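Engineer: dropping the sequence and predicted coords here.
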Amino acid sequence: MTDFTAIDALLTEATHRTPLPPAEERRALREGLNLSRARLAQVLGVSPSTVGGWESGRDPSGEVREKYAYFLQGARTELGAAADDRTAAEAPADAPAARAGRANHQEHGDEEHGDGVHGDGDGEGGADVDDGQDDTGDVGDAGDVDEVQALRVPAPCVLCGQPAGHQVAGFPQHLDPAECRTPGRPRAAETPRAAQPPRTQTPAAPRRPGRPAPAGRRDGSGQRGVRVVPVGRRVQSADAPDLIGQAVEAALAEHAGDVEAATAALVKRAIPDAMALLDHTRKGGRYDIVAHPWLPDVLRKPTARGADRIWEARPKWTRPALPPGTHEVTALDINGAYLSALKTHLPIGALEHSTGNHHDRRRAGVHLITPPAWEHDAVLPNPIGNRDEPGPLWVTEPTLRLLLRLAGPRYGLCDPPEIHESWTSGATESLLEKFRVALKDARDRAIAEQDEVTLEYVKAMYSKFVSTMGESNYNRELYRADWMHLIRSQAFANLWWKAHRAYDEGLTVVRAMGTDELHVIGDWRAVFPEGRGVSEVKVKDTYTVRTHADGSTDA
């Protein structure tokens with residue numbers, strides 16, 4: 001009986017020996033779906049080096065060959081469908097022929113190469129805001145060494161929101177593209193190996209009266225889902241149009257050169273224009289932006305005008321005492337505070353809950369901590385800002401990283417904070433980097449050319465982008481209250497580090513306020529470059545303070 005079983009297995013293998021595409025096409029198909037070798041190897045049950053061998057010309061055998069062929073056929077179909085959709089959008093008259101070609105391709109499994117194959121990412125990387133280099137690396141650049149881990153409890157996929165059994169680089173994701181369906185994208189075609197049971201449609205939950213729900217806030221079952229900013233909305237041209245310059249030129253032409261009217265019109269449309277610029281700069285990005293994820297209660301406002309429970313660590317500090325004498329104080333203005341803060345570790349997908357006094361630098365989010373005591377308030381502001389109430393509080397990733405670094409051996413200024421629980425997701429510091437650079441470059445050109453129209457327009461774009469990315473009626477494209485808090489906190493943390501730099505260089509720090517105001521005594525030009533660039537500071541005010549022997553002051 002064993003011999004017959006072996007013969008049956010041999011015949012089965014010979015019968016289903018599916019031809020494989022050339023080696024170069026195998027890699028192109030995988031990269032066209034933005035899948036790493038490690039991710040594909042995990043689902044096929046082999047090592048990443050084995051997949052690399054297949055893409056170099058070696059052929060698999062047995063059951064794994066059938067699985068690999070099945071994946072390649074599905075990848076080819078999906079990439080071909082995406083290319084056909086783009087062709088149909090660009091040339092409507094050819095749409096019937098494109099659909100016919102796609103149907104023939106799906107039915108006969110021909111050997112045509114899939115169109116629309118693109119690279120494995122955009123090479124995003126970045127330096128840490130604080131010390132110039134993040135020693136943990138960027139999750140977004142994991143490439144072929146993505147860490148794949150099985151989840152004990154399925155969690156929503158970062159791309160499609162449906163339950164996924166694995167996490168890649170710290171966030172849940174389907175390993176098989178046939179199981180993952182991002183909004184607006186069809187599933188990969190499935191080979192009819194066995195009869196599939198018909199799927200039942202869950203009736204949509206009735207919508208309650210009131211403000212209409214934004215697209216993607218709930219899925220068909222009425223449950224919280226995700227909305228991904230899709231690749232199809234992004235600019236597909238190989239050229240890189242200057243969207244900011246074009247908008248300014250159009251506004252000036254529309255208002256016959258009236259600078260004030262053109263500026264007012266541009267500021268009014270700053271939010272949708274910022275979102276269009278974001279879509280453009282994300283073209284070719286490694287990860288789609290999850291624009292409407294489910295958010296935990298700590299990030300939700302209890303009332304329309306209330307506030308959520310996140311503490312942003314906004315500084316509002318004044319030195320309690322100055323040495324006796326007369327002091328000339330310079331109020332410095334930190335340029336582009338929110339623009340610089342766009343470079344921070346942002347969670348990619350929906351936040352996941354964890355407990356315990358542990359911090360994973362590959363993830364980012366919000367954390368419930370008991371902050372350490374701060375014993376340097378006489379010379380430096382408290383890193384968590386002005387807080388009167390003791391006990392635990394919810395802080396953001398930048399605040400926690402600031403506290404952990406100050407507690408480290410390099411500074412030793414406080415004890416480590418105690419982390420009780422966290423809501424985090426796999427993170428990258430460069431998610432908005434191209435967006436930030438585009439705004440920074442436009443700002444720099446405007447300053448060099450004394451173009452106040454563009455300068456005000458760019459300022460409105462990044463400031464309104466940050467302030468409306470929560471649940472705002474003014475920006476329905478992006479609901480990321482967690483990002484809003486993290487970016488604001490990063491701006492506050494950046495100001496704290498400038499205060500520390502001033503103190504470390506021998507200046508007397510007098511005041512730190514908000515995101516962009518630092519008052520110091522001493523030769524500040526030896527510490528900070530003066531100018532209007534984002535890495536420079538400018539003078540906001542100068543004033544004299546007289547301190548008497550009893551500690552009283554006269555301004």
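Structural biologist: Arrived safely, thanks for sending. Residues are numbered from 1 along each chain as shown.
Engineer: need the three-state assignment for residue 19.
Structural biologist: What DSSP: H, G, I helix; E, B strand; the rest coil gives for residue 19 is coil.
Engineer: how much space separates it from residue 504?
Structural biologist: Separation of residue 19 from residue 504 (CB to CB, to the nearest Å) stands at 67 Å. C-beta here means a position set from N, CA and C on the backbone, and glycine is covered the same way.
Engineer: and those two? Which one has more around it.
Structural biologist: The residue with more neighbours, out of residue 19 and residue 504, is residue 504; 12 against 8, by other CB atoms under 10 Å.
Engineer: which strands or helices does the host helix or strand of residue 368 pack on?
Structural biologist: Residue 368 belongs to strand 363-370 when assigned by DSSP states H and E. Secondary-structure packing of strand 363-370 (3 or more CB pairs under 8 Å, 6 or more residues apart in numbering; DSSP states H and E): strand 346-347, strand 393-396, helix 397-407, strand 418-428, helix 481-504.
Engineer: and residue 352, what are its bridge partners?
Structural biologist: Taking DSSP bridges as the rule, residue 352 bridges to residue 424.
Engineer: can you check residue 418 too?
Structural biologist: residue 370.
Engineer: report how many residues lie close to it.
Structural biologist: 12.
Engineer: next: residue 321.
Structural biologist: Counted with other CB under 10 Å, residues neighbouring residue 321 total 10.
Engineer: so residue 257, which state does it fall into?
Structural biologist: Assigned state for residue 257: coil (three-state reduction, three-state DSSP).
Engineer: for it, give its distance to residue 249.
Structural biologist: Distance from residue 257 to residue 249, counting by CB to CB: 11 Å.
Engineer: so between these two, which is more surrounded?
Structural biologist: A count of neighbours by other CB under 10 Å puts residue 249 above the other of residue 257 and residue 249, at 14 against 9.
Engineer: need the three-state assignment for that one.
Structural biologist: Quick answer, by three-state DSSP: residue 249 is helix.
Engineer: can you check residue 510 too?
Structural biologist: For residue 510, the assignment made with three-state DSSP gives strand.
Engineer: OK, contacts around it?
Structural biologist: Listed by CB atoms under 8 Å, 6 or more residues apart in numbering, the contact partners of residue 510 are 318-319, 322, 329, 519-521, 545.
Engineer: would you mind listing which of those residues are buried?
Structural biologist: For the contacts of residue 510, a neighbour count by 16 or more other CB atoms under 10 Å gives the buried set as 319, 322, 329, 519-521, 545.
Engineer: ok, the residues you listed vs residue 36, which is closest?
Structural biologist: residue 520 (48.1 Å; CB to CB).
Engineer: still on that earlier bit, so which of the helices and strands packed on strand 363-370 is nearest residue 45?
Structural biologist: Nearest of these to residue 45, taken as CB to CB: strand 418-428 at 23.7 Å.
Engineer: other SSEs contacting that closest one?
Structural biologist: Strand 418-428 sits against strand 346-347, strand 352-355, strand 363-370, helix 397-407, with contacts defined as 3+ CB pairs under 8 Å, 6+ apart.
Engineer: ok, then the element right after it?
Structural biologist: Next helix or strand after strand 418-428 toward the C-terminus (DSSP H and E): helix 433-448.
Engineer: and that following helix, what's buried?
Structural biologist: If you call a residue buried by 16+ other CB under 10 Å, then helix 433-448 has these buried ones: 433-436, 438-440, 442-447.
Engineer: in TSV: those, plus pLDDT and distance to residue 458.
Structural biologist: Putting the buried residues of helix 433-448 into TSV (pLDDT from 0 to 100; distance: CB to CB, whole Å) gives the following:
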residue	pLDDT	distance to residue 458
433	92	16
434	92	15
435	94	12
436	95	11
438	95	9
439	96	5
440	95	9
442	95	5
443	95	5
444	95	10
445	94	10
446	94	7
447	94	10
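Engineer: returning to what we had before: just the contacts of residue 510 now: which is nearest residue 385?
Structural biologist: Within the contacts of residue 510, the smallest distance to residue 385 is 12.9 Å, found for residue 318 (CB to CB).
Engineer: partner residues bridging the closest one?
Structural biologist: residue 511.
Engineer: hang on, isn't it packed against residue 511?
Structural biologist: Yes - if you go by CB atoms under 8 Å, residue 318 and residue 511 touch, sitting 4.9 Å apart.
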